[in-house]
Each structure stands twice: as C-alpha cells, then as structure tokens.
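1. kindly return the folded structure for what I paste below:
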Amino acid sequence: MTIAPRRAPERRRVVVTGVGMITPLGGSTRETFERASQGSSGIDYLRRFDTSGLPVRIGGEVADEWIRRPPGSVAAELTKMAPRAIHLAWAAATEAAEQAKLDSIQDRYRIGVALGYHGETACLEELIRMFRAFDGDGRWDPARLRQDGYDALALVRRKVDVGPSLVSRVFDCRGPSIGIASACAAGGQAIGEAYRFIRSGLVDAAIAGGCEASLTYVGLSGFILLKALTERYSSPSTASRPFERKRSGFVISEGAGALVLEDLAHARERGAPILGEILGYGDSTDAYRITDIHPQAEGAVLAMTGAIEDASIGCDDVDYINAHGTSTVQNDALETLAVRRVFAERASSIPISSNKSMLGHTIGAAGAIEAILTLEGIRQSLLLPTINYETPDPRCDLDYVPNAARRVEHRVALSNSFGFGGHNASVCIGAYEDA
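-> Numbers count the residues shown, from 1 in each chain. Just a heads-up that it's a prediction; the model follows:
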C-alpha cells in the first residue's frame, strides 16, 4: 500500500488582539506603561507581612484595590478557591479578553490557554499549615487543620496546573490548556507555546501569559537563602540596577501579564483589534548547573537565534531588545555576551533595556509583562529606560537606554526570558503590517 505524503499546513500568522497586565506600577497596561515611560519605580518596603527579621525588606507589591475580578457567578465562586497569583492572572486576562472581544468567538473549543506560574511558594505555605496538624506526639489531628481554615482542596488548588484550569473555566476556553513552570522563563514560554498552538492550526485563539505572587515570608526566605536578592540599597527605588556596576542581586515582585493571541485570518473575520504580531519564538535549555547560566551563554544565544530564524528575518532586522536583565552580576554580564555573540558588530548599535529596573523581577510573570511592554513600545515608538544606571560595568558595554525613555520608531524587537534550571525563551515581536 502506498501512503500519500502529508502536506505541510500553510503557516498561519499570529497576531495580538488584546493585552492586560497588573504590576507594581499599575493595575492596567496603560498605567504600567505610562509610569514606566517616566522611569518610575514600583519597588518599596513590603507591607503585607512582617519582614523585620529578614535581611531583605523590599519588593514590588501590587495594590489590592487594583485587582479586578472577572464578572459572573462562576468567577465569584472560583475567586474563593484561587491563590493570589491566580487573582492577578484573572485581572490581567480580563483586561486582555475585553480588548480582544474574546466573548464574540463562537467556537469555544478553538480557544486555548497557556499560563506560566511558579506556584511552589503557595504549595509550601500549605504544607507548613498541614504540618501544624500534628500534635506533640507526632499524631495527625485533622481537627487542627479545620481550625486553621484548611480544607481538602487547599493543596490541590495551588498546583501549577490549576491556574490555566481556572482561567479556562472563567473565560470558557475549551481548547488545550497548559501550565508552564519553567521559573523565570515561564511567561515567555507560555507565549511561545500558545503561538505554536495557533500557528499549527490547533486553535484559532489563546490566552497566554504568566502570573506570580511570591511576596510571602516563605517566598522571600527561599530567594534570600539562594543569595539571589540584593541586600544593599540606600532606598527601595534604587535597589534594582540592571547592567550597572554596583548591581548586587534582583528585587522580587509580583504581578501578571496576559495576551490574547489569534490567527490573523480569524481576527480579521471577526473584526478584532490587531495590536501587533508574534513573528517568531525560540527556546532552549542550558543543560548546565541549575542556578548558573552557561559560561558562554549558549542557551541564550540559541533562544535568540531561534526566534530570529523562526521569524524568517535576519539579525539586521532587529531594532530593539527587551533584556531579561535581572540586576544580578552573572546574568547581566552573560546576557550581554549572548547579545554580542548573536549580533556581532551590530550589538553596540541595538538599544537594550530592562523593565526589571522599575518593576523588579516578577518571576513567572516577567516574560509576559515584558512582552506586552515591548509591544506597547513598538506601538508608541518609545524605548523604555533602564533606570538606576550610574556607573558602567566593563562587562556590560552596550546601549542600555540609561535612565530616560527614548523616542525611536522601531518595528521588530526581541523579548528575552532566562530562568533557573537553564530555561531560555526569546519572543520576536513586530509591528503589524497588512501584507
């Protein structure tokens, strides 16, 4: 029997039809972008819990009053079940879904969800509460759990897969849904996987993004033990200083970002707004040490190169890079090396900036938030600054758009996300052009 060769499907263009975010700078995309364009910092002393016994007392908190709850009885029911990170995801996804007019899509089986979410902080806190159920003789006493407000779903609902499940339920997205827990690369990878869903024809639209709420005693303590956070700062707003010589670690924050991605033909047919285009995506793994980047930045190079090749463009077409730029000594120097390896002599002429200088590091949400800010920068012809840049570092010798936004028309950008465990993602974002 002769089997006819399978024809490769025509590659679909993937556009962005809605965006939403909630960050330490504001409760919406507009508020966050406006404050970021002014070089404002969202970092301050933490107020939600007692940090007096810790060497780190700063972070980027989201104001409770900014959190929007999706309307409807189902959302009200689920709000009671979800941890804070998922509340933030709903707020961001609600803004994105409203802008995209997502509820006008008739076939809900053709809408997917991809959500980056760290999640283990919430799980650890529930485990601590569970251990309180043991009495002095080591015997388990369920009554103690009930007294502590613990119920049967408390641990389950804080797992990584629950986020996309709850977002799917609230927005009635019945296509594939995945949770991505690749640390600081999770938000970027979620966008990349949703992009692949649509490009391959698996779905017509998807909510993609990331969320994080690690500003708890457990979350802060863990990063302190890893020696990843800066403990040196004269004021909270000056603590995050990517690529600057006096940087000494990142500042942890919380937030969420969500994008509605859609097949171009589908978006046109239903009259959805088209904000920009996902041109390409590259991802890789260092296969090196868990907490260290490959010394030659091999994974970062592969991710950026992969995104450029997937977009069917050349290095000369990239106008701007939104860096991962954490404000750690190793990460910033090696990301600089990666940019030099990919772009060679052009590296010095490509503007690069780090949103984390203003927002801090939102871990699983960072890639999504930064991709949206990259897109908004393209739309408004504005390069966001890297604030707190005072003393250049010889190992970081590129154009980091220091301290003030820059009015420049640009059409194609990379948004980088590199995470613990060697996870690397780079999303190529472009201005929409009607071909």
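2. so where's the stretch 151-300 of the chain uncertain?
-> Along the stretch 151-300 of the chain, segments meeting pLDDT under 70 span 151-159.
3. neighbours around residue 118, how many?
-> As a burial measure, residue 118 scores 27 neighbours (other C-beta atoms under 10 Å). In this view, the C-beta of every residue, glycine as well, is placed from N, C-alpha and C.
4. per-residue pLDDT of the nearest residue to it once chain neighbours are set aside, please?
-> Of all residues not flanking residue 118 in the chain, residue 364 sits nearest, at 4.3 Å (C-beta to C-beta, 6 or more residues apart in numbering). Residue 364 carries a pLDDT value of 95.
5. so residue 364 sits in a strand?
-> No. If the criterion is DSSP: H, G, I helix; E, B strand; the rest coil, then residue 364 is helix and not within a strand.
6. can you name the residues that contact it?
-> 85, 116-119, 180-181, 183-184, 186-187, 210-212 (C-beta atoms under 8 Å, 6 or more residues apart in numbering).
7. so can I have CSV of those showing distance to residue 324?
-> Output for the contacts of residue 364, formatted as CSV (distance: C-beta to C-beta, whole Å):
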residue, distance to residue 324
85, 20
116, 14
117, 18
118, 16
119, 21
180, 16
181, 18
183, 11
184, 7
186, 13
187, 11
210, 14
211, 18
212, 15
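8. narrow those residues to those that are buried.
-> By neighbour count, with 16 or more other C-beta atoms under 10 Å, the contacts of residue 364 hold 85, 116-119, 180-181, 183-184, 186-187, 210-212 as buried.
9. in a strand, residue 357, correct?
-> No. Counting by three-state DSSP, residue 357 is located in no strand; its state is helix.
10. what sits against it?
-> Residue 357 makes contact with 41, 240, 241, 242, 325, 327, 385, 386, 387, 388, 389, according to C-beta under 8 Å, 6+ apart.
11. the same query, at a cut-off of 6 Å, please.
-> By C-beta atoms under 6 Å, 6 or more residues apart in numbering, residue 357 lies in contact with 240, 242, 386, 387, 388.
12. for residue 51, same thing?
-> Shown in contact with residue 51 (C-beta under 6 Å, 6+ apart): residue 57.
13. just the pLDDT for it.
-> Model confidence at residue 51, given as pLDDT, is 93.
14. any idea which element it lies in?
-> Using DSSP states H and E, residue 51 sits within no helix or strand.
15. kindly report the same for residue 305.
-> For residue 305, the element it lies in under DSSP H and E is helix 298-310.
16. swap in residue 372?
-> With secondary structure defined by DSSP H and E, residue 372 is part of helix 366-380.
17. can you give me the buried ones in that helix?
-> For helix 366-380, burial by neighbour count (16+ other C-beta under 10 Å) applies to 366-378.
18. and what of stretch 190-210?
-> By 16+ other C-beta under 10 Å, the buried positions in stretch 190-210 come out as 190-199, 203-210.
19. outside of it, which residues touch it?
-> Identification of contacts with stretch 190-210 by C-beta under 6 Å, 6+ apart yields 9, 12, 14, 93, 110-116, 175, 180, 186-187, 257-263, 266, 278, 281, 283, 364-365, 367-368, 371, 425, 427.
20. now a ChimeraX select for only the buried ones of those.
-> A single ChimeraX command selects the buried members of the contacts of stretch 190-210 (16+ other C-beta under 10 Å):
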select :12,14,93,110,111,112,113,114,115,116,175,180,186,187,257,258,259,260,261,262,263,266,278,281,283,364,365,367,368,371,425,427
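21. got the confidence number for residue 79?
-> 66.
22. can you show me the helices along the stretch 201-350 of the chain?
-> For the stretch 201-350 of the chain, the helices defined by DSSP state H, counting those that start in this stretch occupy 217-225, 264-269, 298-310, 329-343.
23. over to the stretch 51-200 of the chain?
-> 73-79, 84-100, 120-131, 142-147, 162-171, 186-199.
24. show me what the longest one is packed up against.
-> Just to be clear, that refers to helix 84-100. Contacts defined by 3 or more C-beta pairs under 6 Å, 6 or more residues apart in numbering; DSSP states H and E place helix 84-100 against strand 14-22, helix 162-171, strand 205-212, strand 255-263.
25. of those, which is nearest residue 349?
-> Smallest distance to residue 349 across the helices and strands packed on helix 84-100 (C-beta to C-beta): 27.1 Å, for strand 14-22.
26. using PDB, write down the CA coordinates of that closest one.
-> Coordinates of each C-alpha in strand 14-22 appear next as PDB, following Å, rounded to 0.1, in the frame of the first residue of the first chain:
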ATOM      1  CA  VAL A  14      -0.200  35.000  14.800                       C
ATOM      2  CA  VAL A  15      -1.300  38.400  15.900                       C
ATOM      3  CA  VAL A  16      -2.100  40.000  19.300                       C
ATOM      4  CA  THR A  17      -5.700  41.200  19.700                       C
ATOM      5  CA  GLY A  18      -5.700  42.000  23.400                       C
ATOM      6  CA  VAL A  19      -3.300  42.700  26.300                       C
ATOM      7  CA  GLY A  20      -3.600  43.100  30.000                       C
ATOM      8  CA  MET A  21      -1.300  43.400  33.000                       C
ATOM      9  CA  ILE A  22      -1.200  44.200  36.700                       C
END
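27. ok, and what's touching it?
-> 29, 32, 62, 66, 88, 91-92, 95-96, 99-100, 195, 198-199, 255-262, 264, 267, 272-278, 369, 372.
28. rewinding a little: nearest to residue 399 among the buried ones among the contacts of residue 364?
-> Using C-beta to C-beta, residue 184 is the member of these that sits closest to residue 399, with 23.5 Å.
29. surely that closest one meets residue 421?
-> No. Counting by C-beta atoms under 6 Å, residue 184 stays clear of residue 421, with 9.2 Å between them.
30. now stretch 178-189 - C-alpha only, PDB.
-> Extracted in PDB, the C-alpha atoms of stretch 178-189 (Å, rounded to 0.1, in the frame of the first residue of the first chain):
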ATOM      1  CA  ILE A 178      -1.200  24.100  29.800                       C
ATOM      2  CA  GLY A 179       0.600  25.300  32.900                       C
ATOM      3  CA  ILE A 180       4.300  26.100  32.500                       C
ATOM      4  CA  ALA A 181       6.600  26.100  35.500                       C
ATOM      5  CA  SER A 182      10.000  27.000  33.900                       C
ATOM      6  CA  ALA A 183      10.900  29.500  36.500                       C
ATOM      7  CA  CYS A 184      11.700  33.000  35.200                       C
ATOM      8  CA  ALA A 185      11.200  31.900  31.600                       C
ATOM      9  CA  ALA A 186       7.600  30.700  32.200                       C
ATOM     10  CA  GLY A 187       5.800  33.800  30.900                       C
ATOM     11  CA  GLY A 188       7.800  33.900  27.700                       C
ATOM     12  CA  GLN A 189       7.400  30.200  27.100                       C
END
